[in-house]
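Chemist: A predicted structure for the sequence below; I have some questions about it.
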Amino acid sequence: MRYLLYSVLIYLAAINIVTFFLYGIDKWKAKRSKWRIDEATLLWWAVFGGSIGALLGMKVWHHKTLHRKFTWGVPAILIAQIATVGAIMYYIVK
């Protein structure tokens, strides 16, 4: 069980770091009128566990902060993930 927990924590750390830098890279490309990372791709990275990295990327890089699907969507994804983890923990401890 401990190995599973460590594996999940490493996965979450890695995906959040990658997501954070994806937002930074997309902001850098936007300033230079270069090829951009698709918005759906940025959102999927949040869905697959990088929602904290996405929120930090939005805050630090000031990126996608005027788009409703990001300002509402990313926090909603995080809330859903927290609720899912809470439900799983509830049924494991029960």
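Modeler: Happy to help now that I have it.
Chemist: helices along this protein, start to end?
Modeler: 2-31, 39-45, 51-61, 68-71, 73-93 (DSSP state H).
Chemist: tally up the residues packed near the residue nearest to Leu43 when sequence neighbours are not counted, please.
Modeler: Once flanking residues are discounted, Leu43 sits nearest to Gly73: 6.3 Å by CB to CB, 6 or more residues apart in numbering. Placement of C-beta: from N, CA and C, glycine included. Gly73: 18 surrounding residues under other CB atoms under 10 Å.
Chemist: next up, the contacts around Asp15.
Modeler: Not quite, residue 15 is Ile, not Asp. 45, 48-50, 53 (CB atoms under 8 Å, 6 or more residues apart in numbering).
Chemist: now for those: which two are most distant?
Modeler: Taking CB to CB, the two most distant members of the contacts of Ile15 are Phe48 and Gly53; they sit 10.7 Å apart.
Chemist: what about the two, which has more around it?
Modeler: Taking other CB under 10 Å, Phe48 and Gly53 do not tie; Gly53 has more neighbours (24 against 13).
Chemist: surely the more buried one touches Val18?
Modeler: Yes: using CB atoms under 8 Å, Gly53 is in contact with Val18, at 7.1 Å.
Chemist: picking that back up, isn't the residue nearest to Leu43 up against Trp44?
Modeler: No: using CB under 8 Å, Gly73 is not in contact with Trp44, being 11.2 Å away.
Chemist: send the alpha carbons of stretch 37-44 over as CSV?
Modeler: What follows is stretch 37-44, C-alpha atoms only, in CSV (Å, rounded to 0.1, in the frame of the first residue of the first chain):
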residue,chain,number,x,y,z
ILE,A,37,-0.2,24.5,-27.5
ASP,A,38,-3.9,23.7,-28.1
GLU,A,39,-6.2,24.8,-25.3
ALA,A,40,-7.7,21.3,-25.1
THR,A,41,-4.3,19.9,-24.5
LEU,A,42,-3.7,22.3,-21.6
LEU,A,43,-7.0,21.3,-20.1
TRP,A,44,-6.4,17.6,-20.5
